[in-house]
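Asker: Sequence first, then the predicted structure, then my questions.
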Amino acid sequence: MRRITLILLALLPLAFSCRRAPEAEDIRADIVREVNRTPMLYTVKARAQVIVTQQDEPGSYKRYFGSRVVLVPVIANLKAGVDLSRIETVIINRQDNSILIVLPPPVIEIESTTIDSAHLVTEVGPLRYDFSEDEIASIALKGRERIKELLPQLDLVRPAQEEAAQMLVSVCEKLGYRNVTVEIPDYNTRQYAGFLKKD
């Protein structure tokens with residue numbers, strides 16, 4: 001009986017040593033599997049407005065027929081978030097069993113753009129045709145492009161990153177991982193265009 005006990009005790013350290021510590025790829029795969037159960041969450045929403053002005057090009061006919069000027073207010077609803085399934089960088093420090101995860105880039109989406117018809121202003125000479133609906137729609141598209149240029153000035157990216165980082169830590173804790181740090185990258189304004197979801 002004593003011999004059997006000794007054999008079992010001798011095998012116990014070997015059994016524990018066979019339990020492999022999770023690798024970085026294992027953790028990344030666990031996180032991606034968990035976040036893929038729900039669609040991407042947009043955590044920050046905002047509204048932006050620009051006014052696009054268009055005036056006829058100068059020409060001699062203006063002195064006889066008058067000019068045409070239009071001010072088109074364009075309102076855009078935007079949302080931003082981080083797709084956690086795009087996580088690529090996971091670093092494990094074996095000395096203190098800490099986990100560092102680099103947050104993937106944010107995603108910005110222009111959910112919709114509308115013309116604020118109530119505040120649309122036109123000034124048309126008495127002998128000129130008024131702006132058509134197609135002309136107004138074409139001018140409004142310029143407003144959408146201008147809003148894209150203003151993205152760096154809108155407070156969207158950082159709040160979305162911070163919300164996503166908190167969510168990521170919660171996901172890791174749910175999966176049983178502890179001592180997790182999420183690194184939030186900084187981006188320059190020229191990179192913002194790359195965050196915009198394609199139309």
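Answerer: Looks like it came in fine.
Asker: Kindly confirm my reading that Glu34 is in a helix.
Answerer: Yes: under DSSP: H, G, I helix; E, B strand; the rest coil, Glu34 sits within a helix.
Asker: ok, how many other residues are close to it?
Answerer: Residues lying near Glu34 (other C-beta atoms under 10 Å) number 15. From N, CA and C alone the C-beta is placed, and that goes for glycine too.
Asker: next one: Asn179
Answerer: Neighbours of Asn179 (other C-beta under 10 Å): 11.
Asker: residue contacts, Arg86?
Answerer: By C-beta atoms under 8 Å, 6 or more residues apart in numbering, the residues touching Arg86 are Pro104, Pro105.
Asker: hey, what's the residue sitting nearest the centre point of the chain bridged with?
Answerer: Note on the chain: the residue nearest the mean C-alpha position is Val107, at 2.1 Å, using C-alpha atoms, centre = their mean. Counting by DSSP bridges, Val107 forms beta bridges with Gly81.
Asker: any idea which helix or strand carries Gln49?
Answerer: Taking DSSP states H and E as the definition, one finds Gln49 inside strand 42-55.
Asker: contact partners of that strand?
Answerer: Under C-beta under 8 Å, 6+ apart, the answer for strand 42-55 is 67-82, 107, 109, 116, 139-140, 142-143, 146-147, 150, 154-156, 159-160, 163-164, 167.
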